[in-house]
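Novice: fold the following and give me the result.
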Amino acid sequence: MSLMLVYITTPSKDVAKDIAKKLLKKRLIACANIQGSGASLYWWKGRIAKGKEAVLIAKTAKAKVKALEKAVKQMHPYDVPCIITIPVKANKEFSDWVKKEVS
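Specialist: Reported below is the predicted structural model:
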């Protein structure tokens with residue numbers, strides 16, 4: 001089974017926690033890490049914008065990525081949410097645990 005990390009930016013820790021809880025309840029992820037509010041700079045509507053964002057890093061199986069992406073898009077407050085999927089290799093025990101939790 002292929003494991004994936006899904007990197008998602010959110011406008012706050014509270015939004016990240018809400019998304020993570022919903023993804024957990026749907027069994028789309030096995031766990032999530034939320035990193036505190038930090039500065040973000042980005043292009044938006046032809047200008048450089050700035051803001052604060054929290055980062056949600058979710059661990060899941062490759063087979064769950066499409067459903068996870070669809071769910072995040074439905075619940076995310078951004079018009080264009082950042083959802084970046086990164087394939088990873090993990091130790092067998094962790095991989096087995098993820099597989100069990102998202103099945």
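Novice: what is the helix ranked longest in the chain packed up against?
Specialist: Counting residues, the longest helix found in the chain (DSSP state H) is helix 13-25. Packing partners of helix 13-25 (3 or more Cβ pairs under 8 Å, 6 or more residues apart in numbering; DSSP states H and E): strand 3-10, strand 31-44, strand 47-61, helix 65-75. Where you see a C-beta, it was placed from the backbone N, CA and C, and this is true even at glycine.
Novice: so which of these is the most surrounded?
Specialist: strand 3-10 (a mean of 20; mean count of other Cβ atoms under 10 Å).
Novice: residues contacting that one, please?
Specialist: 16, 19, 29, 40, 53-62, 64-65, 68-69, 72, 76-78, 81-90, 94-95, 98 (Cβ atoms under 8 Å, 6 or more residues apart in numbering).
Novice: got the CA positions of it in PDB?
Specialist: Taking C-alpha atoms only, strand 3-10 is exported to PDB below (Å, rounded to 0.1, in the frame of the first residue of the first chain):
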ATOM      1  CA  LEU A   3       1.200   6.100   1.800                       C
ATOM      2  CA  MET A   4       0.700   9.700   1.100                       C
ATOM      3  CA  LEU A   5       1.200  12.900   3.000                       C
ATOM      4  CA  VAL A   6      -1.300  15.600   2.100                       C
ATOM      5  CA  TYR A   7      -0.200  19.200   2.700                       C
ATOM      6  CA  ILE A   8      -3.100  21.600   3.100                       C
ATOM      7  CA  THR A   9      -3.000  25.300   4.000                       C
ATOM      8  CA  THR A  10      -5.800  26.800   6.000                       C
END
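Novice: okay, now the sheet partners of that strand, with direction.
Specialist: strand 47-61 (antiparallel), strand 83-88 (antiparallel) (DSSP bridges).
Novice: would you mind getting the angle between it and strand 31-44?
Specialist: Angle, strand 3-10 to strand 31-44, by axes from the mean of the first three to the mean of the last three Cα atoms, to 10 degrees: 50 degrees.
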